[in-house]
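> Quick one, structure for this:
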Amino acid sequence: MERANQSGLVEVVAKYVEAAIPLASANLQAGELISLPGGGRWKSTGPGQFQREESLNLSWVVAINKRSTQLHTLSEYKQVVAFIDANEAWRRQFGTLVGSQWSRIRLDLNWFLDGCLGAALSAAAENRDPATAAAEKAEAMVRFLDSSELPLEVIGPIFGLNAAGVGQIELAPNVAIVPIDETEVERLYSIGLLHPTTPELPFITAPSHFARVTSPMPKVVGETDTAPDPQPYLDQVKAAEDAIEDVLVCLRLLKAGQIGLGGRATLIPSYIGRSSHTSPGRSTLSPHGHASYLLQDQ
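Take a look at the predicted model:
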């Protein structure tokens, strides 16, 4: 049933986006497209080496908003609304606050569909598949709607670690050492845990892996009568941070070589992404230096 819901929503969103793209992109006027900073993507050039490929980061928010009346009269738009309304569990989440006990945001249907359309338009401008971009947004929304828990993450790059070619290592339930690929470099860079070699040069030298601890948080829909007690959240984060410290201790006991944690970030999920709180790096090691802790796949 869940798979049918996911494929069904992805299908109706794809039809809406296909019908909406010509309308949203027709007769664009000055100021309707906004170029935002932060365009481009990190591309791997070798083990631990990444280079920034710059591109325009276009926002279609103004163009879509100015055409919202026309877009919302499309039959394909109404089909998406009807599909969501037919699912009671989904319907009751839209138009209200959804998230964790400590952080919630209003789940807005128009915002969701505008996001799918904007992602598709941006993908088309970058010569990527617009249907795939919209489908990724829709699939993420289905996972969020169907979940009863939200994963809190505490992550940190392990400076000095050289384990190129080694996959994800599951150390315990919800505790792992994860390879740093292009997607993870983008995430670690965006939250301040990885930095270019120099501000002038678009290159990043990254360790091969980062530590990640996940912890489930109950999803809350709607208002709550009482203010949340912050202590359970603080305890949850502290336990995750302690688990990462234990990972470093175990690696140091395993073999010789210098390693250190290059800062930590606590990621709190929401349907529009993840808010983050980043702690500055505490390691004296540089991510640009020699990775002396060699860990090979046995």
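
> from here on, contacts and neighbour counts on C-alpha atoms
Fine.

> quick one, phi/psi of the nearest residue to residue 193 once chain neighbours are set aside?
Excluding its sequence neighbours, the residue lying closest to residue 193 (CA to CA, 6 or more residues apart in numbering) is residue 263, at 6.3 Å. The phi and psi values for residue 263, taken as degrees, to the nearest 10, are phi 90, psi 170.

> Number of residues surrounding residue 263?
19 (other CA atoms under 10 Å).

> mind listing the helices for the stretch 51-200 of the chain?
61-66, 68-72, 75-85, 88-91, 109-125, 130-146, 182-190 (DSSP state H, counting those that start in this stretch).

> TSV please, covering these and showing mean neighbour count and distance to residue 176.
As requested, the helices of the stretch 51-200 of the chain are arranged in TSV below (neighbours: other CA atoms under 10 Å; distance: least, CA to CA, whole Å):
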stretch	mean neighbour count	distance to residue 176
helix 61-66	17	38
helix 68-72	15	44
helix 75-85	17	36
helix 88-91	13	32
helix 109-125	20	31
helix 130-146	19	22
helix 182-190	17	14
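
> Quick one: closest of those to residue 98.
In terms of CA to CA, the element of the helices of the stretch 51-200 of the chain nearest to residue 98 is helix 130-146, at 9.4 Å.

> List the contacts of residue 186.
41, 42 (CA atoms under 8 Å, 6 or more residues apart in numbering).

> Quick check: it vs residue 85, distance?
35 Å (CA to CA, to the nearest Å).

> same deal with residue 74?
On the measure of CA to CA, residue 74 and residue 85 end up 17 Å apart.

> repeat for residue 170
For residue 170, the distance to residue 85 - CA to CA - is 40 Å.

> Pull up the distance across stretch 246-260, start to finish.
12 Å.

> same deal with stretch 17-35?
Using CA to CA, the two ends of stretch 17-35 sit 22 Å apart.

> In it, which residues are buried?
For stretch 17-35, the neighbour count (16 or more other CA atoms under 10 Å) marks 17, 18, 19, 20, 21, 23, 24, 25, 32, 33 as buried.

> ok, of those residues, which one's closest to residue 166?
Relative to residue 166, and with distances defined as CA to CA, the nearest of the buried residues of stretch 17-35 is residue 17, at 39.2 Å.

> Can you pull the phi and psi angles for the closest one?
phi -60, psi -40.

> Could you find the closest non-adjacent residue to it?
residue 117 (5.5 Å).

> wait, the residue nearest to residue 193 sits on residue 159?
No: counting by CA atoms under 8 Å, residue 159 is not a contact partner of residue 263; they are 9.6 Å apart.

> circling back to that earlier point, ok, the residue nearest to residue 17 - contacts?
Counted by CA under 8 Å, 6+ apart, residue 117 has contacts 17, 20, 21, 134.

> per-residue confidence for it?
Listed pLDDT for residue 117 reads 96.

> just the one 10 residues further on next, same as before
As summarised for this prediction, residue 127 has a pLDDT of 85.

> Quick check: the gap between it and residue 11.
Taking CA to CA, one finds residue 127 at 22 Å from residue 11.

> ok, the two, which is more surrounded?
Neighbour totals were compared for residue 127 and residue 11, and residue 11 leads with 15 against 9 (other CA under 10 Å).

> What is the burial count for the residue nearest to residue 261 when sequence neighbours are not counted?
Nearest non-adjacent residue to residue 261, counting by CA to CA, 6+ apart: residue 158, 4.8 Å away. Neighbour count for residue 158, taken as other CA under 10 Å: 26.

> and what of the one 10 residues further on?
By the other CA under 10 Å criterion, the neighbourhood of residue 168 contains 14 residues.

> quick one: the nearest residue to it once chain neighbours are set aside and residue 188, what's the gap?
Once flanking residues are discounted, residue 168 sits nearest to residue 178: 4.6 Å by CA to CA, 6+ apart. Distance, residue 178 to residue 188, using CA to CA: 12 Å.

> likewise residue 91?
Residue 91 sits 34 Å away from residue 188 when distances are taken as CA to CA.

> cool, residue 51 as well?
Distance from residue 51 to residue 188, by CA to CA: 14 Å.

> got it, and residue 77?
Counting by CA to CA, the gap from residue 77 to residue 188 is 36 Å.

> same thing with residue 84?
Residue 84 is 34 Å from residue 188, by CA to CA.

> How about residue 205?
In terms of CA to CA, residue 205 sits 12 Å off from residue 188.

> residue ranges of the strands in the stretch 151-298 of the chain, please?
Here the stretch 151-298 of the chain has its strands, by DSSP state E, counting those that start in this stretch, at 161-162, 169-172, 175-179, 203-205, 209-218, 220-221, 260-261, 264-270, 273-279, 293-294.
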